[in-house]
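# Sequence first, predicted coordinates after that:
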Amino acid sequence: MFGVVPRVLWERVCAPDELNRVRLNMNCVFIDTGKEKILLETGIGEKWNEKETAMYGIFREKPLAETLFERTGCTPSDITIVVNTHLHFDHAGGNTISSSPPYEGGVAAASADGVVGVVRLEQFYPFPGEKLKQIFASYPNATQIFWTQEEPQNMGGWTFVEPRLRSIKPENVSLRYVGRSASASPATGSYAIHELEQKQIVDESLLGETDEISPASEPEVSERIAPAGA
């Protein structure tokens, strides 16, 4: 199976190799709004050792940073916002490198002064409360923190992290959930609805054209996104 597609169908156009692997292409999207330089996905990253590279069949002609500069004239430090649609390693593997964050302007904690920062929470337990406190404290003008996930509200990490985030966030900063509304199913069953939801989740997590949070980012946003079972 490849999702819900049986192998007898997909192998006609994408035959697996001798290790039963299929070749997948990973694409990142660069957006320049004039105010922000946004990178949608960071790809598989550079943190793979020789064994892992062979196991996954990783091949690239050049690092993401080099391709980014060739096509946009931007370096990783020019990126102001990094957006991950979800946190699988092929989407978010380039968020960090072994020694330091590669996107200096994009790894942040909250939104303030027209800047949106993104923090990837890789470890739920033990919960990194002290580290998050330090990140939040580095944005003294922040007014809102968003927890964004692609899973429905009753799945994913929200129910676990919400009370912990509320206990460590600054008193003058609100915490809001942005994602799909609660559902009995983890998926929509419709590619069109899934793509619409993904775009809306990303849109709700970012600033609008002004320096104010978009009205679509109000707490009830999760009720306006189509339920996963729609």
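Yep, that arrived. From a predicted model like this one, the values you see are computed outputs, not experimental measurements.
# just checking, what's the longest helix in this structure?
Counting residues, the longest helix in the chain under DSSP state H turns out to be helix 191-205.
# quick one, strands of the chain?
29-32, 37-40, 81-83, 111-112, 115-116, 144-152, 174-180 (DSSP state E).
# what's the most buried one of the ones you listed?
strand 81-83 (a mean of 24; mean count of other C-beta atoms under 10 Å). Just so you know, the C-beta spots here come from the backbone N, C-alpha and C atoms, and that holds for glycine as well.
# distance between the longest helix of the chain and the chain's centre?
12 Å (C-alpha atoms, centre = their mean, to the nearest Å).
# Now mean pLDDT too, for the strands of the chain, in TSV please.
TSV is the format used below for the strands of the chain (pLDDT from 0 to 100):
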stretch	mean pLDDT
strand 29-32	93
strand 37-40	92
strand 81-83	89
strand 111-112	40
strand 115-116	62
strand 144-152	85
strand 174-180	86
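# These: which one's closest to residue 124?
Judged by C-beta to C-beta, the one of the strands of the chain that comes nearest to residue 124 is strand 144-152, at 11.9 Å.
# on contacts alone, who are the packing partners of the closest one?
strand 111-112, helix 158-168, strand 174-180, helix 191-205 (3 or more C-beta pairs under 8 Å, 6 or more residues apart in numbering; DSSP states H and E).
# is it possible to export the strands of the chain to CSV including distance to residue 59?
Shown next, in CSV, are the strands of the chain (distance: least, C-beta to C-beta, whole Å):
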stretch, distance to residue 59
strand 29-32, 21
strand 37-40, 21
strand 81-83, 24
strand 111-112, 37
strand 115-116, 33
strand 144-152, 27
strand 174-180, 34
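# Find the centremost residue of the chain, please.
The centre of the chain sits closest to residue 84, judged by C-alpha atoms, centre = their mean, with a distance of 2.0 Å.
# Spell out which residues sit in contact with it, please.
41-42, 91-92, 95, 118, 120 (C-beta atoms under 8 Å, 6 or more residues apart in numbering).
# Now render these as CSV, adding neighbour count and distance to residue 59.
Converted to CSV, the contacts of residue 84 look like this (neighbours: other C-beta atoms under 10 Å; distance: C-beta to C-beta, whole Å):
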residue, neighbour count, distance to residue 59
41, 22, 18
42, 26, 17
91, 19, 18
92, 22, 19
95, 24, 21
118, 23, 28
120, 13, 25
